[in-house]
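Peer 1: from the sequence below, what's the structure:
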Amino acid sequence: FNYLFGKDLPFDVTVYLTLNDRCAYNYAGHYFFTTLGNPKYAMKVILHELLHFYTYEFIQPEMKEKGVSRERFNDIKEALTVLLNIEFKELLDGEIDQGYEKQKELRAKVVELWNDNKDVYEVCRILG
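Peer 2: Got it, this is the predicted structure:
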């Protein structure tokens, strides 16, 4: 993710394996879960959750400073996962990060903005 954000996380992230399909994460605790059931799906979850960690670490402070609501930030954070389908498709190996219906239009805007400038910070500034 250094490719997208230009820097590494300043902490380690722990990934716990579970049999559950619901894979929660805890940013403050620096951990998340991924399922053992399907290796391709597990990789998608890992990439998805790591993108959230990077977004929290490097995007959220600026959004907070600008007064962007928590709900709007969360929508942007979820919408950014569409970049996995563009920039990490070889790691997804046929899996697609579909996202949530709530962020469908925002995901389309992320793609449009990404194609224009390939700068995750600028994409988020415009969306925030």
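Peer 1: the strands in this structure, which residues?
Peer 2: Taking DSSP state E as the criterion, the chain carries its strands at 14-18, 25-26, 31-35.
Peer 1: need the residue in this structure that's farthest from the chain's center.
Peer 2: The outermost residue of the chain relative to its centre, with distances by C-alpha atoms, centre = their mean, is L19 at 22.2 Å.
Peer 1: and the angle from the longest helix along the chain to strand 31-35?
Peer 2: If you go by DSSP state H, the chain has its longest helix at helix 39-58. Counting by axes from the mean of the first three to the mean of the last three C-alpha atoms, to 10 degrees, helix 39-58 lies at 160 degrees to strand 31-35.
Peer 1: give the contact list for L36.
Peer 2: Going by C-beta atoms under 8 Å, 6 or more residues apart in numbering, L36 touches 17-19, 42. Where you see a C-beta, it was placed from the backbone N, CA and C, and this is true even at glycine.
Peer 1: ok, and the most crowded of those residues?
Peer 2: A42 (19 neighbours; other C-beta atoms under 10 Å).
Peer 1: so who does Y16 touch?
Peer 2: Here Y16 is in contact with 31-34 (C-beta under 8 Å, 6+ apart).
Peer 1: one more pass at 7 Å, please.
Peer 2: Shown in contact with Y16 (C-beta atoms under 7 Å, 6 or more residues apart in numbering): 31, 33.
Peer 1: can you tell me how far it is from D116?
Peer 2: According to C-beta to C-beta, to the nearest Å, Y16 and D116 sit 38 Å apart.
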